[in-house]
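Asks: predicted model, plus sequence, below.
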Amino acid sequence: MREWLPVFLLLALAVLFFLLGRGKRRQTGLPEARVVYADDRQFQRLSQPLLDDGLGLVGKPDYILGLKGGMIIPVEVKSSRAPSRPYETHLVQLAAYCHLVESAYGARPSYGLLRYADKTFEIPYDAAMKALLLETIQRLRVVENSPEAPIRNHQQPIRCQGCGFADSCDQKM
């Protein structure tokens, strides 16, 4: 019987780690799925960005998941705690990733996931979300083609550091 003790201990450890892993998976708020794409150096070699030349749209979702049944959905991960409802900028970013997934994989996702540190939002990719994306792109094109920098609409110096207009902005903080 003593010769079987190490086997039983290893089996018990394997079961324990399996159960802990399942618990952690549930805590993420993400569905059980196959990771199709990851913009994460630890997970895989950095992936190429997704493109839509027609809209001039380029992006790299944090993850693309392949669900059972064949649907593919983008996941955008935010390190901050979840707001009561997602910020519009986060929604537009996720809509852009949904559009890019549709362009790259030929299948329209019915939703995307916004994962915050403490909560996951399932955001439908419907006609309203697509319209918001297209309207935002149109507004950005107007600003890009303007000789003047856009008017700053925030009080957060950190946002100015990452802004593409920082070199020409007379309103930066």
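Replies: Sure thing, it's come through.
Asks: and after the helix or strand of the chain with the lowest mean pLDDT, which helix or strand comes next?
Replies: The weakest-scoring helix or strand in the chain, judged by mean pLDDT, DSSP states H and E, is helix 5-28 (a mean of 64). Going down the chain from helix 5-28, the next helix or strand is strand 34-38, by DSSP states H and E.
Asks: how's the chain carved up into domains?
Replies: For the chain, automatic domain parsing gives the domain ranges 1-30, 35-168.
Asks: mind putting these in CSV, mean neighbour count included?
Replies: For the C-beta atoms, the positions are set from N, CA and C on the backbone; glycine is no exception. Formatted as CSV, those follow (neighbours: other C-beta atoms under 10 Å):
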stretch, mean neighbour count
domain 1-30, 10
domain 35-168, 15
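Asks: worst average pLDDT in these?
Replies: Lowest mean pLDDT within the domains of the chain: domain 1-30, at a mean of 65.
Asks: isn't F121 right next to L91, touching?
Replies: No: contact criterion C-beta atoms under 8 Å: F121 and L91 do not qualify, at 9.0 Å.
Asks: hey, what's in contact with both of those two?
Replies: L114 (C-beta atoms under 8 Å, 6 or more residues apart in numbering).
Asks: how close does K68 get to R34?
Replies: 9 Å (C-beta to C-beta, to the nearest Å).
Asks: can you pull up the bridge partners for the spatially most central residue of the chain?
Replies: The chain has E76 as the residue nearest its centroid, 1.3 Å off, counting by C-alpha atoms, centre = their mean. Taking DSSP bridges, one obtains L114 as the residues bridged to E76.
Asks: tell me the contacts of it?
Replies: Per C-beta under 8 Å, 6+ apart, neighbours of E76: P61, D62, H90, Q93, L94, Y97, G112, L113, L114, R115.
Asks: kindly recompute the last result at 10 Å.
Replies: 39, 59, 61-63, 86, 90-91, 93-94, 96-98, 112-116, 121, 123 (C-beta atoms under 10 Å, 6 or more residues apart in numbering).
Asks: spatially nearest residue to K172 (excluding sequence neighbours)?
Replies: Distances taken as C-beta to C-beta, 6 or more residues apart in numbering put C160 closest to K172, at 4.4 Å, once the chain neighbours are dropped.
Asks: what about the one you found, which helix or strand?
Replies: Here C160 is assigned to helix 157-161, by DSSP H and E.
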